[in-house]
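[1] what would the 3D arrangement of this be:
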Amino acid sequence: MELIIRKATLNDASDLSHIVTNSWSAAYAQIIPTDFIVQKNAVRYEQFVKNLSVPGHNHYIVFADQTPVGTMYLAVDEIVAFYLHPDYFRMGFGTQMMDYVINLFKNQGSSEIFLWVLEENHNARKFYEKCGFSLDVGLKEIEYGKKLTCVRYIVKLL
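    Below is the predicted model of the structure:
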């Protein structure tokens with residue numbers, strides 16, 4: 001099934017919130033404290049309304065057969081956020097989304113892309129490695145209800 005990917009609009013705030021809320025609940029259940037996930041998910045819609053109101057934002061929404069299934073947020077040479085609704089995990093949609101992102105960055109003249117991922121998020125790390133990303137030396141700590149380490153991955157675009 002081919003995906004449709006486009007820039008998100010303010011009308012997509014509810015769908016984006018739904019995707020990210022469900023993705024966080026599924027992907028981070030054993031990594032991030034439940035209270036923190038609930039707290040973050042409670043304000044998702046308002047955060048998307050705010051973010052999508054900024055001219056020139058780089059939030060994307062992904063559809064499969066007119067059903068919103070994923071979202072991405074991009075910055076200069078960086079994938080800031082990359083989420084798929086858990087009902088669509090391991091169906092090839094994430095790979096199609098990543099192919100889109102890599103081609104988008106290539107067309108913009110980027111020579112590499114980087115992203116940060118929770119060190120304990122082994123499923124995401126395997127996915128990024130499958131997509132050609134390599135573990136870099138970058139590390140950072142974040143506070144998500146507890147201290148967590150993020151590792152940086154990069155892929156060269158030659």
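
[2] C-alpha only now, for contacts and for neighbours.
    Will do.

[3] which strands border the helix or strand harbouring Val80, and is each parallel or antiparallel?
    In the assignment (DSSP states H and E), Val80 maps to strand 78-84. Here strand 78-84 has these sheet partners by DSSP bridges: strand 67-75 (antiparallel), strand 112-118 (parallel).

[4] which helices and strands does the next helix or strand after the shortest one pack with?
    Stepping forward along the backbone from strand 112-118, the first helix or strand reached (DSSP H and E) is helix 122-130. Counting contacts by 3 or more C-alpha pairs under 8 Å, 6 or more residues apart in numbering; DSSP states H and E, there are no secondary-structure elements packed against helix 122-130.

[5] circling back to that earlier point, what's the first helix or strand after the strand holding Val80?
    For strand 78-84, the following helix or strand on the C-terminal side (DSSP H and E) is helix 93-107.

[6] how far off centre is that next one?
    Its chain's average C-alpha position is 12 Å from that of helix 93-107, according to C-alpha atoms, centre = their mean, to the nearest Å.
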